[in-house]
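> below is the sequence, then the predicted model.
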Amino acid sequence: MFALVDGNNFYASCERVFDPALRGKPLVVLSNNDGCAIARSAEAKALGVGMAQPIHEVPKDVRRQLVVRSANFTLYGDLSARVLAILRDAAPRVEPYSIDESFLDLVGIHDRLAFARDLRERVHRWTGIPNCVGIGPTKVLAKAANKIAKRGGGVVDLTDTATRDAVLANYPTGDLWGVGSRTAAKLAARGIRSAAELRDAPPADVLIAFGVTIARVQRELQGHPCIALEEIEPDRKQIIVSRSFGQRVDDHEAIAQALATFAVRACEKLRRRGLVAGGVGIFANSDVFRPELRQHHPSRTVNLPRPSSDSRVMLATGKNQQVDQRRQRR
DNA sequence: TCTGGGGTCCTAGGACCC
DNA sequence: TCTGGGGTCCTAGGACCC
């Protein structure tokens, strides 16, 4: 049995913890370069601000009403750790899934609803972060329960099969964990629109048409756990540092500068995790929002002679690749 | 006219998640 | 004018090996 604890509008809620004057106001947290909305308070959502919506696309009259903050990831990480500490104290097995979500193993807990309500309240009281809890016999069902809890009530348990049947009959496949918009459209083309319809479709057909990932979602909907709780975070397989340039860049020197900065930062991340990299990749993309211009996305990956987290090695490797490319162009 | 049967590694693209 | 920044897994196809 699983629970999913998820902070509401997490970044926006964090900002409110440190500035209570923001409570009740339509608050938006912006990405790097202050480009897109990456978190919205309930009030900002009500005004129609979308997730990842470019802020310049928000109508002026709406923008005037918003309170806007640039993202402060150090702050969010700090509050995330505080929430996690409370969860670990309450349950023996916890999987931190993202900065604002954790799965809990509820095995051995008799009164799940009471436990969840108490935990939710404690997280809110001790950290200031409002949150919701979803409960289910599989992770996919716990996720769905959480989504429903967000609509009101704060805690939803989908363990009971009658409750579950009623909920899944009206739950769109596209809202399921692991089913995105493309797959939802493909499912709809076959007449599968609700989670209940996916659950009850012939499994062999689902496997052939949609692959093992969706077949697993189907099994989980049926109540058979396929996705295990992972208490220990696996080592990263790649670490990426990338940024959009605010404006057009056609200066090679500026790009080389950015590459050097990113390489240093990537190495810091490696060292913080006690890892070394076996290879280095560099990529760049032209402006995808100007499709009328010629597009290109050069990339190059090389293996290092010896795995490393030394910025000097990365910088030298990056330089060699640039030289290589120039040679190739000649 | 016949044209093996495995296996691994790498890359690119697609789809998804927060 | 301004359009996020991370991650993961799966699949297919090609190169290569014995």
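On my side now, so go ahead. Quantities reported herein were computed from a predicted structural model and do not represent experimental measurements.
> neighbours of A:Tyr11, how many?
Residues lying near A:Tyr11 (other CB atoms under 10 Å) number 25. C-betas here are computed from N, CA, C, even on glycine.
> now it, nearest residue through space, not along the chain?
A:Ala39 (3.5 Å; CB to CB, 6 or more residues apart in numbering).
> ditto for A:Arg243
In this structure, A:Arg243 finds its nearest non-sequential neighbour in A:Asn32, 6.0 Å apart by CB to CB, 6+ apart.
> test my guess that that neighbour contacts A:Ser244.
Yes - here A:Asn32 reaches A:Ser244: they are 7.1 Å apart, a contact under CB atoms under 8 Å.
> from the contact counts, what lies against whichever strand or helix holds A:Arg199?
Under DSSP states H and E, the secondary-structure element containing A:Arg199 is helix A:195-200. Where contact means 3 or more CB pairs under 8 Å, 6 or more residues apart in numbering; DSSP states H and E, helix A:195-200 is packed against helix A:161-169, helix A:203-221.
> the last one versus helix A:161-169: what angle between them?
So that's helix A:203-221. Computed with axes from the mean of the first three to the mean of the last three CA atoms, to 10 degrees, the direction of helix A:203-221 lies at 120 degrees from that of helix A:161-169.
> on that earlier part again, any idea which of the helices and strands packed on helix A:195-200 gets closest to DNA strand C?
Proximity to DNA strand C (CB to the nearest atom of the strand) singles out helix A:203-221 among the helices and strands packed on helix A:195-200, at 3.8 Å.
> may I see the buried residues of the next helix or strand after the closest one?
Toward the C-terminus, helix A:203-221 is succeeded by helix A:252-272 as the next helix or strand (DSSP H and E). If you call a residue buried by 16 or more other CB atoms under 10 Å, then helix A:252-272 has these buried ones: A:Ala258, A:Leu259, A:Phe262, A:Ala263, A:Ala266, A:Cys267, A:Leu270.
> can helix A:252-272 be said to contact DNA strand C?
Yes - shown here: helix A:252-272 in contact with DNA strand C (CB under 7 Å from any atom of the strand) through A:Lys269.
> how distant is that helix from the center of its chain?
24 Å (CA atoms, centre = their mean, to the nearest Å).
> also stretch A:146-153?
Remark: stretch A:146-153 is offset 18 Å from the chain centroid, using CA atoms, centre = their mean.
> buried ones in that stretch?
Buried, per 16+ other CB under 10 Å, within stretch A:146-153: A:Asn146, A:Lys147, A:Ile148, A:Ala149, A:Lys150.
> can you count the residues close to the residue nearest to A:Gly35 when sequence neighbours are not counted?
Distances taken as CB to CB, 6+ apart put A:Pro54 closest to A:Gly35, at 6.1 Å, once the chain neighbours are dropped. Residues near A:Pro54, counting by other CB under 10 Å, number 13.
> distance of A:Pro54 from A:Ser244?
Remark: distance between A:Pro54 and A:Ser244 (CB to CB, to the nearest Å) = 11 Å.
> same deal with A:Asp160?
From A:Asp160 across to A:Ser244, the span is 47 Å (CB to CB).
> A:Gly279 too?
Distance from A:Gly279 to A:Ser244, counting by CB to CB: 24 Å.
> circling back to that earlier point, let's have the buried residues of helix A:252-272 in JSON lines, adding distance to A:Val58.
Below are those laid out as JSON lines (distance: CB to CB, whole Å):
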{"residue": "A:Ala258", "distance to A:Val58": "28"}
{"residue": "A:Leu259", "distance to A:Val58": "33"}
{"residue": "A:Phe262", "distance to A:Val58": "29"}
{"residue": "A:Ala263", "distance to A:Val58": "35"}
{"residue": "A:Ala266", "distance to A:Val58": "33"}
{"residue": "A:Cys267", "distance to A:Val58": "37"}
{"residue": "A:Leu270", "distance to A:Val58": "37"}
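> out of the helices and strands packed on helix A:195-200, the one nearest A:Ser13 is which?
Between A:Ser13 and those, the shortest separation by CB to CB is 26.0 Å, and it involves helix A:161-169.
> so what touches the helix or strand following the closest one?
Next along the chain after helix A:161-169, taking DSSP H and E as the criterion, comes helix A:181-189. Helix A:181-189 is contacted from outside by A:Pro172, A:Thr173, A:Gly174, A:Val179, A:Arg193, A:Leu198, A:Ala209, A:Phe210, A:Ile214, using CB atoms under 8 Å, 6 or more residues apart in numbering.
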